[in-house]
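Asks: coords below, sequence missing:
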C-alpha cells in the first residue's frame, strides 16, 4: 500500500517539524520587517537583552505580540476547522461557512455598541462574549438542521449556516448605523480581520485559552479518528458518541471564538488549513491536528507579514490579504468536491 | 416538475388576470399609504393635491413631491427589478435558491460602486450605473463559471457556496478601498439599503433601462418557460438555449445594477417573490415573470413603509426587513430541496 507508506507516522512527524521550522523562519522575517527594518543581528541582540530602548520597544511592544497573536489566531482557526470537518464528515465545514464566526462577530459588535462605550470592562469580556455568540450560533444551526432519526445532512448544515450568516449580517447592518465614526472604523477593520488585540493583556488570556483547548483536543485525537468513521461505527466501537461529539464541538467553537474576538473574522483560514494539512500528513488526527495548527498559523503569519512589508497605500487588515490569497484555493476545492 | 398538467391548466389565464388585478389594486393602495404615512402623517387628499395641484408654498406638498413620492417610485422600480431577476435566474438555472444577493452579484456591484466613490469624484449617475452593471457582470460570470465545474454540474448547493465565496472576495476588495479612501460610513449607509435618498433626476436616468429590461424579460418569458423544463427538452423543442440564457443574463445584470445604485444591495426579494407567485399562478414563466414584478414591487413598498413605521422616527433599512422574512424562508426552501434530493 503506497498510500499508507506515504502517510506514515515518521513522514508525518517530519512534515510537522518542517512546518514548525518554516513558521519560525517566517516569524523571524516578520520581526525584522515593518515600517522600521531591523537586521537579524539586531533582533538577536534584543532577544539576548542587549538591545537599545528603541529596539526593545519595537520588538517587545509592537512586533512580538502581533506575531504571537497571528500564530494563536491561526492555530485556533486551523484546529477548529479541522474538528468541524471531521465531526461532520464534510470538507466544506468551518467556523466561517457554518456561520459560527459571524455569530461570535455579532456578539462582539453588540459589545462595542452597548458596553465598550460605557467604559469599564476587563480583557476577558470580549472572548467570553464571542464564545457565547458562537455557541448560540452553533446551537441554532444544530436545531434548525436536526431531523429526528436521521443523520444531519452535511450540505443542509452549510446552507443553514449561509442563511444564518446573512441573518446576522442584517442585524450587523442595523447596529452599525448606530455607530460613530471611530466605532465604525474599529468594526470595519475588525470584520476585515485586523489582528487588533496585539496587546500583552489580551494575549495573556488568548494564550492559555488556546493552549488548554489544544491539549484537550490533542488528547481526544483518537476519538476523532473513530468518530470520523461515522457515528454508527463509532458507537459500535464502544464510543460515547454524543458526549464526545458535544465536548469536541464546544472546544471547536471556543477555539474559533477566541480567534474571532481578538483577530477578526477570518472566513477562509478555518476551512483551508485542514485541507492543506490533510494533503501533507493524511487523515490520522494525531498528525492532522498539529499539522492544521501549523498551517493555520503559517497562513495568518504570512499574510500579516505581507501586509506589513508591502505598502498597499494604507494599513490593510490582514484578513483582506488572506481572503484574496485563499479564495482561489477555496474555489479549487469547491470545483473538486462532490 | 411536481405540478400536474391539469393543475397548470386550471390556474390559467383568467386566474392570472384576477391575480394581476388584485396585485395592482393592492399596489395602488400601498403606494397611497406609503405617500401618506411616515415620520409625519398626512391626509390622502393632501397627497392627491400635491401631485395634481402642486403649490410650492405648502411644506407638505414639498415633502411629498421631493421625498415621499420619488422614494415610493424607487421602491417600485427596485422591487420589480429584483423580483424579475430572481424569477429569470430561477427559471433559467432551474435553481430554486437563485437570488442576486446570494449569487455574489450585489457584491460585485457594490465593489464597482466603491471604486466609483473613490476614483470618480465627478461621477454622473449614468456612469455609476454602467460600472455597477459591469461589476455585477464580473461577479456573476465568476460565480457561474466556478459553480459549473465538477462532476455533478451546477447543483444549487454548489452555486450557493460559489456565490458566497465570490461575495467574500469582492467584499474584501470593497473593504480595502473603503479603508484606503476612508469611505467607511458613506458606504455603510449605502449598503444598508434605503430608498430615502432617491431623487427624481436619478430615477429619470434609471427609468429607461428599467422599462427596456422589463419589456425584454416579458418578451423572453415564453422561452424561459421552455428552458425551465430542462435544457435537453428545450433543445429538443428547437429553442436556442444559449441565446435565451445570454439575453436573460444581460437583463439580470442591468436590473441588478440599477437596483444596486438606487438602494444598495438588498437580498431575498428576488428569492421570495417568485416562490410566492408560483403558489398563485403555477409554474408557467409567462405568468410568473410579470406577477413577480408586480408583487416584488408591492412587497418592497410594503417593507419600506414598515421600516419607516416600526421604530419611528428612526428608519429600519429594507435590507434588514427582508432578511428577517427571507432567512427563515430560505431555510424552509433549503430543507424542502434536500428532501427532494434524498
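Replies: Thanks, I have the structure now. Treat the numbers as computed from the prediction; the structure is a model and nothing was measured.

Asks: For the one residue in chain B that gets nearest to chain A, which non-adjacent residue is closest in space?
Replies: Residue of chain B nearest chain A, by Cβ to the nearest Cβ: residue B:323 (3.2 Å). No exception for glycine: its C-beta is placed from N, CA and C like everyone else's. The shortest distance from residue B:323 to any non-neighbouring residue, by Cβ to Cβ, 6 or more residues apart in numbering or on different chains, is to residue A:170 (3.2 Å).

Asks: Just say helix, strand or coil for that neighbour.
Replies: Judged by DSSP: H, G, I helix; E, B strand; the rest coil, the three-state class of residue A:170 is helix.

Asks: Let's see the pLDDT reported for it.
Replies: Looking at residue A:170, its pLDDT stands at 80.

Asks: circling back to that earlier point, hmm, residue B:266 and the residue of chain B closest to chain A touching each other?
Replies: No. Using Cβ atoms under 8 Å as the test, residue B:323 is too far from residue B:266 to be in contact (9.2 Å).

Asks: out of the two, which sits in the busier spot?
Replies: When residue B:323 is set against residue B:266 and neighbours are counted by other Cβ atoms under 10 Å in any protein chain shown, the residue ahead is residue B:266, at 31 against 26.

Asks: Spit out the contact partners of the more buried one.
Replies: Contacts for residue B:266 (Cβ atoms under 8 Å, 6 or more residues apart in numbering or on different chains) come out as B:78, B:82, B:101, B:106, B:193, B:259, B:300, B:318-319, B:322.

Asks: Now do the contacts for the residue of chain A at minimum distance from chain B.
Replies: Closest to chain B within chain A is residue A:170: 3.2 Å, counting by Cβ to the nearest Cβ. Residues in contact with residue A:170 (Cβ under 8 Å, 6+ apart) are B:319-320, B:322-324, B:327.

Asks: how about CSV for those, with secondary structure added?
Replies: Shown next, in CSV, are the contacts of residue A:170 (three-state DSSP):
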residue, secondary structure
B:319, helix
B:320, helix
B:322, helix
B:323, helix
B:324, helix
B:327, helix
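
Asks: Pass me the low-pLDDT residue ranges in chain B, would you?
Replies: When residues are selected by pLDDT under 70, those of chain B lie in B:1-12, B:38-40, B:101, B:150-154, B:156, B:184-185, B:188-196, B:313, B:337-342.

Asks: sorry, that was for chain A
Replies: Within chain A, the segments meeting pLDDT under 70 span A:1-6, A:35-36, A:116-123, A:147-155, A:311-314, A:337-338.

Asks: before we move on, back to that, wait, which of the contacts of residue A:170 is closest to residue A:217?
Replies: residue B:327 (31.7 Å; Cβ to Cβ).

Asks: Can you name the residues in contact with stretch A:49-57?
Replies: With contact meaning Cβ under 8 Å, 6+ apart, stretch A:49-57 is reached by A:38, A:42, A:45-46, A:59.

Asks: Can you report how many residues neighbour residue B:208?
Replies: 9.

Asks: I misspoke; the intended subject was residue B:168.
Replies: 21.

Asks: Next: residue A:132.
Replies: So residue A:132, with other Cβ under 10 Å, has 15 neighbours.

Asks: Next, the contact list for it, please.
Replies: residue A:107.

Asks: got it, and residue A:107?
Replies: Neighbouring residues of residue A:107 by Cβ under 8 Å, 6+ apart: A:129-130, A:132-134, A:136.

Asks: Name the member of the residues you listed that has the highest neighbour count.
Replies: Most neighbours among the contacts of residue A:107, by other Cβ under 10 Å: residue A:134, with 32 neighbours.

Asks: so which helix or strand takes in it?
Replies: According to DSSP states H and E, residue A:134 maps onto helix A:125-145.

Asks: so how far is residue A:94 from the residue nearest to the spatial centre of chain A?
Replies: Closest to where the C-alpha atoms of chain A average out (Cα atoms, centre = their mean) is residue A:77, at 1.7 Å. To residue A:94, residue A:77 is 8 Å away according to Cβ to Cβ, to the nearest Å.

Asks: Find the residues that touch each one of the two.
Replies: Common contacts of residue A:77 and residue A:94 (Cβ under 8 Å, 6+ apart): residue A:270.

Asks: Next to chain B, which bits of the stretch 151-300 of chain A? Give me the list.
Replies: The stretch 151-300 of chain A comes close to chain B at residues A:153, A:155-156, A:158-160, A:162-167, A:169-171, A:173-174, A:176-177, A:181, A:184-185, A:188-189, A:191-192, A:267-268, as judged by Cβ under 8 Å from any Cβ of the partner chain.
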